[in-house]
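[1] give me a model of this one.
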Amino acid sequence: MAYYLNLFSPETYEAFTASNRTVSGFRLRQQQAARKIRIGDKLICYVTRLSRWIGVLEITSTYYKEDSPLFYEKDDPFVVRFKVRPIVWLPKEKAIPIRTERVWRTLSFTREYDPDYPYWTGKLRTSLNQLDDEDGRFLEQLMVAQATGGEVFPVDERDYQKLLSHRVRRLDKTVSVSVPQDTPDDGVVPPVEVRESIKIQALLASIGAKMGMRIWILRNDRSSVLAEWPNDRDVLLDELPLNYDETTLRTIEQIDVLWLRRRSIVRAFEVEHTTSIYSGLLRMADLLALQPNMDIKLHIVAPAERREKVFQEIRRPVFSLLEKGPLSELCTFLSYDSVRELVKERHLAHLSDEVLDEYAEEAE
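    Next comes the predicted model:
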């Protein structure tokens, strides 16, 4: 018996709570991970944005695929499914905050970190990550005890409502959107943050080059990036070998880092160090608006502490109405820490670029 992570957003937590709680669903991209799950394994459930442990589900079937509505009445993306038996399912007021002292100092992936910093979140990157047996047993026992007594952790209902997404109808599907609260931004970025973003651009260039890609770097950043990335191979492009109109080319050239295979862009990266996160998303949206048939994997790369800000911005209504589809389904988040982990992968030269999908996080 093994323990695996099951991430819920506040919306899917509410939907699962209102259901008969006998089926748990995951996105199609998690099908490969689902194959290793066995009957009797347990899902340890965590609510993102609320940052609380919420329940334990026992797997009672092998995985199967089904596209009938589960969490949403229409266009439900959670088509990889397991039948489950709830061992415990907590109301949100009794769900256990991850930063509770006893929890934080016990879990193997948090106890070495300061609770005020988000660098521990890699373990909670995606559902079906396997948890250490000791962590899984601890959380299961803690939540079982919480269900029959335990402490109440009040939830401000007004704050909780702000965490919930809204659903809007496109011509082809219904999607979740958010309306972020504006935050002050004086436009001044500390030099240390700028420097860090340059280092991340250099790491992305290095990873792509080792995988056999040709690399494009934003011209304004090129000299700084090359100071961090000793490019000893003829992989850096001076011009993009693309046959697009002038407007599209100028848009593409403004993207921080591109990976190309022959004459095709494979992946595009916007490395953000500004508070708004907005400029990179706009460039991605502009590109998709100009070329809706372009098949590129898009990534916003930012410090881990800006994860939620990225997810809020990417789910704005304006980004949900692109012809190709909602930006939240086409562009993922990569933390700086994930890039640093990826560059340590052994045998990068023999890996497909699809390895990035194991590090990327989707807006739930």
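
[2] for the stretch 101-250 of the chain, just list every one of the helices.
    Taking DSSP state H, counting those that start in this stretch to define them, one finds helices in the stretch 101-250 of the chain at 101-104, 133-147, 157-163, 191-210, 219-228, 246-253.

[3] quick check: which of those is buried the most?
    helix 191-210 (a mean of 19; mean count of other CB atoms under 10 Å). C-betas here are computed from N, CA, C, even on glycine.

[4] check the offset of that helix from the chain's centre.
    Between the centre of helix 191-210 and the centre of its chain there are 20 Å (CA atoms, centre = their mean, to the nearest Å).

[5] and stretch 21-40, by the same measure?
    18 Å.

[6] same thing with stretch 241-254?
    On CA atoms, centre = their mean, the centre of stretch 241-254 falls 28 Å from that of its chain.

[7] and it, end to end?
    Length of stretch 241-254, first residue to last, CA to CA, to the nearest Å: 15 Å.

[8] ok, stretch 43-52 next?
    One end of stretch 43-52 to the other measures 14 Å (CA to CA).

[9] output the helices of the stretch 101-250 of the chain in JSON lines; the columns should cover distance to residue 84 and mean pLDDT.
    Listed next are the helices of the stretch 101-250 of the chain as JSON lines, based on distance: least, CB to CB, whole Å; pLDDT from 0 to 100:
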{"stretch": "helix 101-104", "distance to residue 84": "23", "mean pLDDT": "94"}
{"stretch": "helix 133-147", "distance to residue 84": "14", "mean pLDDT": "96"}
{"stretch": "helix 157-163", "distance to residue 84": "24", "mean pLDDT": "78"}
{"stretch": "helix 191-210", "distance to residue 84": "37", "mean pLDDT": "85"}
{"stretch": "helix 219-228", "distance to residue 84": "47", "mean pLDDT": "90"}
{"stretch": "helix 246-253", "distance to residue 84": "45", "mean pLDDT": "88"}
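
[10] quick one: closest of the ones you listed to residue 121.
    With respect to residue 121, and counting by CB to CB, the nearest of those is helix 101-104 at 12.8 Å.

[11] now the closest one, how far from the centre of its chain.
    25 Å.

[12] next: stretch 302-318.
    Worked out by CA atoms, centre = their mean, stretch 302-318 lies 10 Å from the chain centre.

[13] what about the closest residue to residue 12 other than its chain neighbours, distance to residue 79?
    In space, and not counting its chain neighbours, residue 12 is closest to residue 71: 5.1 Å by CB to CB, 6 or more residues apart in numbering. If you measure residue 71 against residue 79 using CB to CB, to the nearest Å, the figure is 11 Å.

[14] the more surrounded of the two?
    Neighbour count, other CB atoms under 10 Å: between residue 71 and residue 79, residue 71 has more, with 20 against 17.

[15] which residues touch that one?
    11-12, 15-16, 19, 25, 78 (CB atoms under 8 Å, 6 or more residues apart in numbering).

[16] give the ChimeraX command for selecting the buried subset of those residues.
    Selection of the buried residues among the contacts of residue 71 in ChimeraX, burial being defined by 16 or more other CB atoms under 10 Å:
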select :11,12,15,16,25,78
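
[17] which among the helices of the stretch 101-250 of the chain is found nearest to residue 266?
    Once the helices of the stretch 101-250 of the chain are compared by CB to CB, helix 191-210 is nearest, at 8.3 Å.

[18] could you export the closest one as PDB, CA atoms only?
    Written as PDB, here are the backbone C-alpha positions of helix 191-210 (Å, rounded to 0.1, in the frame of the first residue of the first chain):
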ATOM      1  CA  PRO A 191      18.700  44.400  -9.200                       C
ATOM      2  CA  VAL A 192      19.100  41.100  -7.300                       C
ATOM      3  CA  GLU A 193      15.800  39.900  -8.800                       C
ATOM      4  CA  VAL A 194      16.800  41.000 -12.300                       C
ATOM      5  CA  ARG A 195      20.000  39.100 -11.900                       C
ATOM      6  CA  GLU A 196      18.200  36.000 -10.800                       C
ATOM      7  CA  SER A 197      15.900  36.000 -13.800                       C
ATOM      8  CA  ILE A 198      19.000  36.300 -16.100                       C
ATOM      9  CA  LYS A 199      20.500  33.200 -14.400                       C
ATOM     10  CA  ILE A 200      17.200  31.300 -14.900                       C
ATOM     11  CA  GLN A 201      17.200  32.300 -18.600                       C
ATOM     12  CA  ALA A 202      20.700  30.900 -18.900                       C
ATOM     13  CA  LEU A 203      19.700  27.700 -17.300                       C
ATOM     14  CA  LEU A 204      16.700  27.300 -19.700                       C
ATOM     15  CA  ALA A 205      19.100  27.900 -22.600                       C
ATOM     16  CA  SER A 206      21.500  25.400 -21.300                       C
ATOM     17  CA  ILE A 207      18.800  22.700 -20.700                       C
ATOM     18  CA  GLY A 208      17.400  23.200 -24.200                       C
ATOM     19  CA  ALA A 209      20.900  23.100 -25.800                       C
ATOM     20  CA  LYS A 210      21.700  19.800 -24.100                       C
END
